[in-house]
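everything below, folded, please.
(chains A, B, C and D)
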Protein chains: 4
Amino acid sequence: MITPHLLTPDDLNIKTLGPCKVDSPLASSVSPSGSGSDHFIHAAEFVQDSHRVLLEDRLDRIVKKSHDTLPAFELAGPRRKIFFDPHKLRVGIVTCGGICPGLNDVIRGIVMELHYRYGVKSVLGFRYGYEGFLPQYGHDVMELTPQNVKNIHETGGTILGTSRGDQSKPEIVDCLERMNVNILFAIGGDGTQRGAKQISEEVERRGEKIAVVGIPKTIDNDLMYIDKSFGFETAVHVAFHAVQCAHTEAESCINGIGLVKLMGRDSGWIACHTALASSQANFVLIPESPFQLHGTKGFLPCLLQRLRHRRHACIIVSEGAGQDLISGDGLGNDASGNVKYKDIGLFLKQQIKDYLDAEGMKHTIKYIDPSYMIRSVPATPNDSLYCLRLAQAAVHAAMTGRTEMVVGRWREQFVHVPTPLSTCGRKTVDPEGDLWLSVLENTGQPMVFE
Amino acid sequence: MITPHLLTPDDLNIKTLGPCKVDSPLASSVSPSGSGSDHFIHAAEFVQDSHRVLLEDRLDRIVKKSHDTLPAFELAGPRRKIFFDPHKLRVGIVTCGGICPGLNDVIRGIVMELHYRYGVKSVLGFRYGYEGFLPQYGHDVMELTPQNVKNIHETGGTILGTSRGDQSKPEIVDCLERMNVNILFAIGGDGTQRGAKQISEEVERRGEKIAVVGIPKTIDNDLMYIDKSFGFETAVHVAFHAVQCAHTEAESCINGIGLVKLMGRDSGWIACHTALASSQANFVLIPESPFQLHGTKGFLPCLLQRLRHRRHACIIVSEGAGQDLISGDGLGNDASGNVKYKDIGLFLKQQIKDYLDAEGMKHTIKYIDPSYMIRSVPATPNDSLYCLRLAQAAVHAAMTGRTEMVVGRWREQFVHVPTPLSTCGRKTVDPEGDLWLSVLENTGQPMVFE
Amino acid sequence: MITPHLLTPDDLNIKTLGPCKVDSPLASSVSPSGSGSDHFIHAAEFVQDSHRVLLEDRLDRIVKKSHDTLPAFELAGPRRKIFFDPHKLRVGIVTCGGICPGLNDVIRGIVMELHYRYGVKSVLGFRYGYEGFLPQYGHDVMELTPQNVKNIHETGGTILGTSRGDQSKPEIVDCLERMNVNILFAIGGDGTQRGAKQISEEVERRGEKIAVVGIPKTIDNDLMYIDKSFGFETAVHVAFHAVQCAHTEAESCINGIGLVKLMGRDSGWIACHTALASSQANFVLIPESPFQLHGTKGFLPCLLQRLRHRRHACIIVSEGAGQDLISGDGLGNDASGNVKYKDIGLFLKQQIKDYLDAEGMKHTIKYIDPSYMIRSVPATPNDSLYCLRLAQAAVHAAMTGRTEMVVGRWREQFVHVPTPLSTCGRKTVDPEGDLWLSVLENTGQPMVFE
Amino acid sequence: MITPHLLTPDDLNIKTLGPCKVDSPLASSVSPSGSGSDHFIHAAEFVQDSHRVLLEDRLDRIVKKSHDTLPAFELAGPRRKIFFDPHKLRVGIVTCGGICPGLNDVIRGIVMELHYRYGVKSVLGFRYGYEGFLPQYGHDVMELTPQNVKNIHETGGTILGTSRGDQSKPEIVDCLERMNVNILFAIGGDGTQRGAKQISEEVERRGEKIAVVGIPKTIDNDLMYIDKSFGFETAVHVAFHAVQCAHTEAESCINGIGLVKLMGRDSGWIACHTALASSQANFVLIPESPFQLHGTKGFLPCLLQRLRHRRHACIIVSEGAGQDLISGDGLGNDASGNVKYKDIGLFLKQQIKDYLDAEGMKHTIKYIDPSYMIRSVPATPNDSLYCLRLAQAAVHAAMTGRTEMVVGRWREQFVHVPTPLSTCGRKTVDPEGDLWLSVLENTGQPMVFE
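Presented below is the predicted three-dimensional model:
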């Protein structure tokens, strides 16, 4: 594993399949889509490989370091010279793991960019995750064209289907070889990207020239070295409505309590953003800030106090919060290898009930778990835009033969991130940072329940 | 005027009213809101004045500069020592100029933060812009309390009302003195912030200790040195729907044309973001990229060609685009001093009709101008969150006696921006930059219509 | 209990407190609100008591009956003569039972109509259901004015709060007497309306002149003799999105199953309307159409067959469906006296899993229970309109001294329904009627799973 | 033309192509879709031709009439015996006139019902209105299958395209003969249905057996003998938001005026419903209630008075209102033969400005014309449901050989309406009826501006 604060400039370098010798069609005098315009980019401002975005932009933190020791990301975008000849190219796309808003936007964006900007004619969609490469599952491959992806971004989910679970990497590479796929776009979470890296390594081992570029997906927004993950803003948008509902339920009863469990296995990003967006939550519980239920400054006594003063309360809890409080054995792992979490929402609901009953406070708890109503919606407009630009960046990168990388955004700029770096850990909410402080200021809850 | 590329570190320094000697209530053992928690921030990680965010984070652009010549913004956030004693404080808020999504969120955020976190009891809302300070207009002042601002963020517009137009700065300062206002939050655009600066200068001239902090507002997103303005994302969210409608109208007819005029007096931010969010626009016309209507590669021939191939087209035009093409005298200025623009939407509609009629192409044009249905809606959840955090940052800054500044966000971090710097120009879409390139890639339109 | 098909015209008559001798302010030359218009209704077309709407409008069903044996409802609307003198009037409003979209619209509509149209100055809101009348609970009464109800319809829930549970009717009437309340509007379900009837009887026993008018509430839409209940359309509007999500989840996996439990204790109205609105459900299970899980034509084998053909399925189940299938003891009653239902959603999820596992079919089930995210939202525009008109009708009726009645809509016209009639049963989906047939046609499911 | 109050039972009779001798597949033991269920309707409750819904259901209006003189509509729904043999059937669909929410739902509903319930395999979509039948326009016919209409209801507009204008009816029938079309569904407004009647007459003249069934479309909701037109509820849903925006703009300025022009050429249905839905309009101007601008009780003095009291006002005006007030020549007719209306919105805006300027009242007017953002959206869930049921009813009717009719809903029941009856006039808002009274009560405006 890579330790973030020890990163060197080299850790941010991106692997390539070889030198770029082909002129980009974006610079050519005839647009590949034949749309009639006799030039595409008049004076194309292509990105150069030397363009780099600082990992750390706090002056007080870099002030004593020499410039050549500062790690910086490659800027994404089109290059004047590319590696692949677009006319001979066949490209594959696969989506893996749980669904997330924006998957269809990303698929659509890749197909449109390849077809209209680079003139690539053959794009294949592999069905139901990595299963789609393996003949034994019997999933047909889906030809992806501008016509059949035209409106897919208006629907949630993924038209390719998805699945969890590990598949043999050599068999996947067999399939890529057999079908003459030169570029593979892997859209999925940590496990998917680690799988993509293994595919890429197998490709290298065989001496093939297949670029593997990832578009990292996690609704939880816990991607290292990436401002935000696609789908995250949409998740907050919908979660906001769930919290409004919980607040309304709470306000309508005497000692009404609205309890909402939001996604966030290891991080409280959705919980924190939703709390700030709605300004209705009185308590936010996240994995990064452990809490006690009992004890003089514990969560339950604080809740009781709130109810005595205000007669209602609204609580947001991340699914990964408070796992240490729930006794009993672990639940094992899911097909993707993720540890299954115990249900903090139902646990908390029961704990609150027991405590308030014991304190003799009549109350009503409404518990909302909106997860499946969040992850399955189409992306919001701002999220769609983000997906489209990620897709464009991914295509530009792959066309230059870059591989073992994912596209990301770092402080508002699109960049290339080496796959090992992006999967080396999870981005968490800093319990002493500005976001969590905003939440504390907004809710009025104490910094620690202890 | 300040020339951006000649900025020195000093240009980013913030003025203050004097040294901070009061302990922040955020660090105290008793929360000022009396909410019952006997501590607020356990180990408050206060921001220090030395924390600074680089203006330029492209390594290739700073590589030859010494660290002490690199301009950097002060990081926003709570300080351990503040300037004002919260218990004796009276604060004023004013909103000016056109309405914009999020105004009520900002007002609400300021009131809540002042009341609950700092224990400030008196917050006054001045009505209908700078008019509200002048007795001759007869506008009552509005007491702002947590109770009466509780739900205002669910409604568009501003509960304070707004107006355009210049007012006497000495008279405004007379009013502030008369009413013992120690902090003034001015929420408004360029004109408002220039006015705020003049108020601040008049205050200084009189030797008063009144902090004037701005929350800059422009739905157009053309603020210098600020990632995005509040309300902008909401504008794109709604504009997206207008473009969907235009596209639907266009597709339903033979040679149907949907034409949408979007806000953007000097910049195409809303036009570009909306185009990318919807992926439905075929042509995007913005002020930063001048275009010709006629001529072999002009806009109208390209449109004709598109219709011949695809039988429908969707066009987005910024209100400030193509002003050079419209003959006739200027229209003068509005009450805020802004030059009134000629209506490019109606002009273009007529030009298209005349041209296609002359070419003998039967067609249908539907023209949509959704401006008032965009600026008057409540903020989206993500935008609400942004407003709240801007409000928190503004309160923290003002409590330390900072003045002649606005709060902003620079590459995902909240910062302090000197007012002169924020009003020294307008942020425009770089016609050779990555955003415009994404639009060209997405629409397939040529880089220049000439 | 009243047997519907034996209804006589007299069963639809409405009780009144006495003859109407006061001129309606709606006819007067000066509007009571003093809004400046010097007349309100120029030639008011007041409703006459003889205006009646046929209960049965199928010609083939009434063809052999004489006109004077046909039951018909009184038409709602303003009368020229009213019972109460508006200037001396004090009115009470109470909301009971579970929350439902539109409660605040109804409250707002009553207050506005009383204040602006009739010139009534004193309207009191009793808090937290019937508890609000009893001193021992200590709930303050809330003065309701046009100013404080102005924007409440933009929020879900009820600003008055609500509760379940029986309270002493004599004590409630004591309170009404003590506070000089002349009209009570009771907004609530069956239990509430039965309570209202008891209050009305106690009032009559004491010889008081207090009108008790109900606005019947049930999100389930199972009100007898009423086209649709307020909040129902909004419920379908939101449930629609839940079903879209379930469908998206189902389509994204191999053998994906989306299962949505919707409200409907005794009736499948929400389930049927939502299924037809979305056109995405493949199976709809409602209380009115009992079903078998196993057996050759049982639900589970049909589901298996569907999955084999189409690889995904979307199921809607009403909360009251299939209660006979779930073994185990009953769960008792809730505070309103309603029988608690066993959870058909979780039961079905488990049954499907067990069955498909036994059949060796790999599958994924996503279960969505959106109830609290449905009942707590603000009303949709069309529902708001309906609430407003119900409120207007209720005010007109009460002003004439009508009592022991609820307002309703019968075949698109607003009418008065005697309370005993409205609570004599529940309206259910006819399993041989046109709505259920539409559902069968739309889903393709067999008429009976057996 | 038919005079409504003189209608006889015979006027409501429906023409048919001949006796029904084919067994309906809905009754058969094998579902035509082959979905695996071995029966569709267990004990199908087919509708009988004697089932009829009274035109007039007010007891006080029919009390002296004998039952056999009461006009009544045929109830819609499936019949046990049908006219056409489904296996040999080819069906055509055409959409004409302006777009309207729900068009794609209706198309989808017809295709699904024909395919899955009746086993009809060939459904053709004719493109761009009646033009689509005429070879000279060169529009390809579109094969409509369950697969390609599956998701079209999620998009506004019509996938078939539409156009205005008259076409030769004999040529259309030539086309129907040439392509062996047995049933034609014509979705469109008055002109379209009159055209459908002419087609039907030409068919009869030739002795052909082609059923022509209309699904009447008008967003204005002004269809005679039909509760509501499809798309109308959606229109109110969106118009509601436009009025909210106008209200917000108005409230944010001193003497702010929000003016919204809504659809309604001859009727104020959308204006009235939207006003009641939003409760924000202070003035509603509709074609059915003529008004004066000047004079002591004219609209402008009332507006001035309102502004003096409340400082803001929100106005809704139907496009067809006040045409008598606008001087100047007429504008001729559009391609559908409709008289072009002068723009009451812009006229009113100018009149208000001139009047208030003359009165010396500083003010701000924001004018919103949301028409194209209303008619192009997808249907709301409740409207989708309505479209689907209309489509099902239309298919059932056509399968029995009924012709020269449209499907409608009369007092909540689906019925058959003879085409001549449905096009004999327009349904208007009764200025002395209950809806307009609700509007007057809600706005507080005088009954007449004079």
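
list the contacts for residue A:46?
A:24, A:26, A:27, A:77, A:78, A:79, A:80 (Cβ atoms under 8 Å, 6 or more residues apart in numbering or on different chains). Where C-beta positions appear, they are placed from N, C-alpha and C, glycine not excepted.

neighbours of the closest residue to the fourth one other than its chain neighbours, how many?
The shortest distance from residue A:77 to any non-neighbouring residue, by Cβ to Cβ, 6 or more residues apart in numbering or on different chains, is to residue A:47 (3.6 Å). Number of residues near residue A:47 (other Cβ atoms under 10 Å in any protein chain shown) recorded here: 20.

same check, this time on residue A:218
Residue A:218 has 27 neighbours, counted by other Cβ under 10 Å.

hang on, isn't it packed against residue A:230?
No: using Cβ atoms under 8 Å, residue A:218 makes no contact with residue A:230, being 9.1 Å away.

shared neighbours, those two?
residue A:100.

residue most distant from the centroid, chain A?
In chain A, residue A:360 marks the outermost C-alpha relative to the chain mean, sitting 44.2 Å out by Cα atoms, centre = their mean.

just to revisit the earlier point, and the contacts of residue A:46, which of them are buried?
The neighbour-count criterion (16 or more other Cβ atoms under 10 Å in any protein chain shown) marks A:24, A:26, A:27, A:77, A:78, A:79 among the contacts of residue A:46 as buried.

mind picking the lowest-pLDDT entry from those?
Among the buried ones among the contacts of residue A:46, residue A:27 has the lowest pLDDT, at 80.

tell me how far that one lies from residue D:144.
Counting by Cβ to Cβ, to the nearest Å, the gap between residue A:27 and residue D:144 amounts to 44 Å.

got the contact list for the host helix or strand of residue A:346?
Using DSSP states H and E, residue A:346 sits within helix A:344-358. For helix A:344-358, contacts defined as Cβ under 8 Å, 6+ apart pick out A:255, A:257, A:259, A:261, A:285, A:293-294, A:300, A:303-304, A:307, A:315, A:317-323, A:325-326, A:363, A:365, A:367, A:369.

beyond that helix, next helix or strand please.
The first helix or strand that comes after helix A:344-358 along the chain, using DSSP H and E, is strand A:364-368.

and that following strand, average pLDDT?
98.

paired strands for that strand, with orientation please.
When pairs are called by DSSP bridges, strand A:364-368 turns out to pair with strand A:256-262 (parallel).

can you give me the end-to-end span of stretch A:316-327?
21 Å (Cα to Cα, to the nearest Å).

which stretches of chain A aren't confidently modelled?
A:1-5, A:29-44, A:329-330, A:336 (pLDDT under 70).

which residue packs closest to residue A:342, ignoring adjacent ones?
Leaving aside its sequence neighbours, residue A:342 sits nearest to residue A:326 (Cβ to Cβ, 6+ apart; 4.4 Å).

and if you look at residue A:280?
residue A:247 (4.0 Å).

which SSE is that neighbour in?
Counting by DSSP H and E, the element that carries residue A:247 is helix A:232-251.

got the residue ranges for the helices in the stretch 351-450 of chain A?
A:371-375, A:381-399, A:419-422, A:434-443 (DSSP state H, counting those that start in this stretch).

counting neighbours, what do you get for the residue nearest to residue A:378 when sequence neighbours are not counted?
Among residues not flanking residue A:378 along the chain, residue A:156 sits closest, at 4.9 Å (Cβ to Cβ, 6+ apart). Neighbour count of residue A:156, defined by other Cβ under 10 Å: 26.

so which of the buried ones among the contacts of residue A:46 are in strands?
Among the buried ones among the contacts of residue A:46, none falls in strands (DSSP state E).

okay, the residues you listed in JSON lines with distance to residue D:239 next?
Conversion of the buried ones among the contacts of residue A:46 to JSON lines gives the following (distance: Cβ to Cβ, whole Å):
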{"residue": "A:24", "distance to residue D:239": "49"}
{"residue": "A:26", "distance to residue D:239": "44"}
{"residue": "A:27", "distance to residue D:239": "49"}
{"residue": "A:77", "distance to residue D:239": "43"}
{"residue": "A:78", "distance to residue D:239": "44"}
{"residue": "A:79", "distance to residue D:239": "50"}
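
how about the strands in the stretch 201-350 of chain A?
Applying DSSP state E, counting those that start in this stretch to the stretch 201-350 of chain A gives strands spanning A:211-216, A:256-262, A:283-285, A:312-318.

so which of these is nearest residue C:427?
Nearest to residue C:427 among the strands of the stretch 201-350 of chain A is strand A:256-262 (30.0 Å), distances taken as Cβ to Cβ.

and that closest one with strand A:312-318, angle?
Angle of strand A:256-262 versus strand A:312-318, following axes from the mean of the first three to the mean of the last three Cα atoms, to 10 degrees, is 10 degrees.

circling back: list the contacts of the residue nearest to residue A:280.
Counting by Cβ under 8 Å, 6+ apart, residue A:247 touches A:258, A:278, A:280, A:281, A:314.

apply 6 Å and report the result again.
If you count contacts by Cβ atoms under 6 Å, 6 or more residues apart in numbering or on different chains, residue A:247 has them with A:258, A:280, A:314.

out of those residues, who's nearest chain B?
Taking Cβ to the nearest Cβ as the measure, chain B lies nearest residue A:280 of those, at 9.8 Å.

surely the closest one touches residue A:316?
No: the pair residue A:280 / residue A:316 is not scored as a contact, 9.2 Å apart, by Cβ atoms under 6 Å.

who's in contact with the residue in chain A that chain D sits nearest to?
Proximity of chain A to chain D (Cβ to the nearest Cβ) peaks at residue A:154, 6.0 Å away. Residue A:154 sits next to A:378, D:154 when contact means Cβ under 6 Å, 6+ apart.

let's go with 8 Å and repeat that
A:378, D:154, D:155.

now swap in residue A:53 and tell me
The contact partners of residue A:53, by Cβ under 8 Å, 6+ apart, come to A:72, A:73, A:75, A:410, A:411, A:413, A:415, B:57, B:58, B:59.

still on that earlier bit, surely the residue nearest to residue A:378 touches residue C:241?
No: taking contacts as Cβ under 8 Å, residue A:156 lies outside contact range of residue C:241: 10.4 Å.

now do the shared contacts for those two.
residue A:377.

tally of neighbours for residue A:147?
Residue A:147 is flanked by 9 other residues according to other Cβ under 10 Å.

re the thing from before, can you tell me which of the helices of the stretch 351-450 of chain A comes nearest to residue B:160?
In terms of Cβ to Cβ, the element of the helices of the stretch 351-450 of chain A nearest to residue B:160 is helix A:434-443, at 21.7 Å.

report all helices and strands that that closest one contacts.
With contacts taken as 3 or more Cβ pairs under 8 Å, 6 or more residues apart in numbering or on different chains; DSSP states H and E, helix A:434-443 sits against helix A:269-278, strand A:283-285, helix B:381-399.

show me what contacts residue A:289?
By Cβ under 8 Å, 6+ apart, the residues touching residue A:289 are A:268, A:429, A:431, A:436, A:448.
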